[in-house]
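1. please find the sequence and the predicted model below.
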Amino acid sequence: MKTIGLIGGMSWESSIEYYRIVNEEVRAKLGGLHSAKSVMVSVDFAEIETMQHAGQWEELTTRMIESARQVEAGGGDFVVLCTNTMHKMADDMDAAIGIPLLHIADATSSRIKARGIQTIGLLGTRFTMEEDFYKGRLEARHGLTVLIPDEAERADVHRIIYEELVVGEIRAESKNRYIEIMQHLVARGAQGVILGCTEIGLLVGQGDIDVPVFDTTLIHAQVAVEYALGEYQLK
């Protein structure tokens, strides 16, 4: 079993889910008292969030590379960056370390394509929904057609993530708004919806809509275990 190297804290609400899922998956696959071999480097999300909204991406890239190198020095065999948004600097991180980085969009696309889905809706932070590092990777590398919410809906999705979900607040009105937005994506042709922020799965899930829902936290953690056990090949 390879040692899973987790970079967490963005937010710790979802990092807990990663740790829980990787251990549950290992136990389910190997049985008995087996658990995941892992190391984690966890950052202070207040600092990260401030720099995100100030557009300080060069400094954030430096921080993420430092974290990835800490994971490598700590014995991680590969890196799992426990956030969608910070995959904005995934290529720079990958180039700066000697171990692989398991990209969350690649892991998610493998599940989407396994379901025979071509057109997918995407929810996430503004950065994830609007910039090319994530949406563009799904389209260019994996041949998917990606739909995102309209401007007002994107503002609500982003606000709910940063004002509520990252601090563990789950509100009924926000859940209803997310369901409404997902339904609008389906009406426009989405055959499924990506929960493209690692906290969104705390609010909505498969039981809230009739099309397949792809929870990136769950998928990324599951694929990390598959890779650790030699069942998944990096793309």
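-> Great, that's in hand.
2. now the element after whatever helix or strand Ser110 lives in, going C-ward?
-> Here Ser110, judged by DSSP states H and E, is contained in helix 104-114. Note on helix 104-114: by DSSP H and E, the next helix or strand toward the C-terminus is strand 119-123.
3. and that following strand, C-alpha only, in PDB?
-> Backbone C-alpha positions of strand 119-123 (Å, rounded to 0.1, in the frame of the first residue of the first chain) are rendered in PDB as follows:
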ATOM      1  CA  THR A 119     -22.500  17.000 -20.700                       C
ATOM      2  CA  ILE A 120     -21.900  17.800 -17.100                       C
ATOM      3  CA  GLY A 121     -22.900  20.700 -14.800                       C
ATOM      4  CA  LEU A 122     -20.300  22.200 -12.500                       C
ATOM      5  CA  LEU A 123     -20.700  23.900  -9.100                       C
END
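4. flag every buried residue along the helix or strand that comes right after that strand.
-> Next helix or strand after strand 119-123 toward the C-terminus (DSSP H and E): helix 126-130. For helix 126-130, a neighbour-count test (16 or more other CB atoms under 10 Å) marks 126-129 as buried. All C-beta atoms are positioned from the backbone trio N, CA, C, and that covers glycine.
5. ditto for stretch 217-224
-> Buried residues in stretch 217-224 (16+ other CB under 10 Å): 217-224.
6. and the residue of the chain most remote from its centre, what element?
-> In the chain, the greatest distance from the average C-alpha position (CA atoms, centre = their mean) is reached by Gly32, at 28.9 Å. For Gly32, there is no host helix or strand (DSSP H and E).
7. partner residues bridging the closest residue to Val157 other than its chain neighbours?
-> Distance criterion CB to CB, 6 or more residues apart in numbering; nearest residue to Val157, sequence neighbours excluded, is Leu123 at 5.4 Å. Under the criterion DSSP bridges, Leu123 forms beta bridges with Leu195.
8. residue closest to the middle of this structure?
-> Asn84 (3.9 Å).
9. next one: the residue farthest from the centre of the chain from Val26, what distance?
-> 10 Å (CB to CB, to the nearest Å).
10. thank you, goodbye.
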